[in-house]
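Peer 1: Structure, please.
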Amino acid sequence: MSAKNRDNKNRWRNITVGFRVSPEENERINKAVALSGLPKQEYCYRRCLNQDVVVQGNPRVYKALKQELSAVLTELQRIEVGNGVDEELLNVIELISVILGGLKGEEQNE
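Peer 2: From the prediction side, this is the model:
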């Protein structure tokens with residue numbers, strides 16, 4: 001029998017919660033998780049409970065930021081003059097901006 005899993009506040013988490021998402025939503029969630037540096041489970045707890053997701057700078061976060069910025073650059077170079085930027089790209093750019101601002105210690109104006 002496996003050991004009981006307790007979180008950092010000594011709570012026993014024995015309830016499973018699951019939900020379905022589209023492939024696009026899954027990709028967006030995975031990007032946000034990678035950029036947060038948190039495990040997916042912890043990221044989902046915080047987002048579902050409307051708690052702050054505080055990004056702690058570490059090599060994984062910086063690597064994820066580098067990869068996402070590279071993907072954004074590629075997408076921006078692909079866009080032709082006169083065409084608009086799609087909503088998903090704007091969301092990724094905004095998320096990266098918030099994370100980088102947080103890592104630099106800047107407050108976000110909402």
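Peer 1: three-state assignment of G18?
Peer 2: Judged by DSSP: H, G, I helix; E, B strand; the rest coil, the three-state class of G18 is coil.
Peer 1: where does K104 land on pLDDT?
Peer 2: Per-residue pLDDT puts K104 at 66.
Peer 1: Excluding sequence neighbours, find me the nearest residue to the residue most central in space within the chain.
Peer 2: Central residue of the chain (C-alpha atoms, centre = their mean): A32, 1.5 Å from the mean position. Spatially, and ignoring its direct neighbours in sequence, A32 is nearest to L95 (6.2 Å; C-beta to C-beta, 6 or more residues apart in numbering). For the C-beta atoms, the positions are set from N, CA and C on the backbone; glycine is no exception.
Peer 1: got the contact list for the longest helix along the chain?
Peer 2: Counting residues, the longest helix found in the chain (DSSP state H) is helix 59-78. Contacts to helix 59-78, defined as C-beta atoms under 8 Å, 6 or more residues apart in numbering, come from residues 31, 34-37, 55, 85, 89, 92-93, 96, 99-100, 103.
Peer 1: buried residues in whatever helix or strand comes next after that helix?
Peer 2: Per DSSP states H and E, the first helix or strand lying C-terminal to helix 59-78 is helix 87-103. Within helix 87-103, the residues that count as buried by 16 or more other C-beta atoms under 10 Å are V92, I93, L95, I96, V98, I99, G102.
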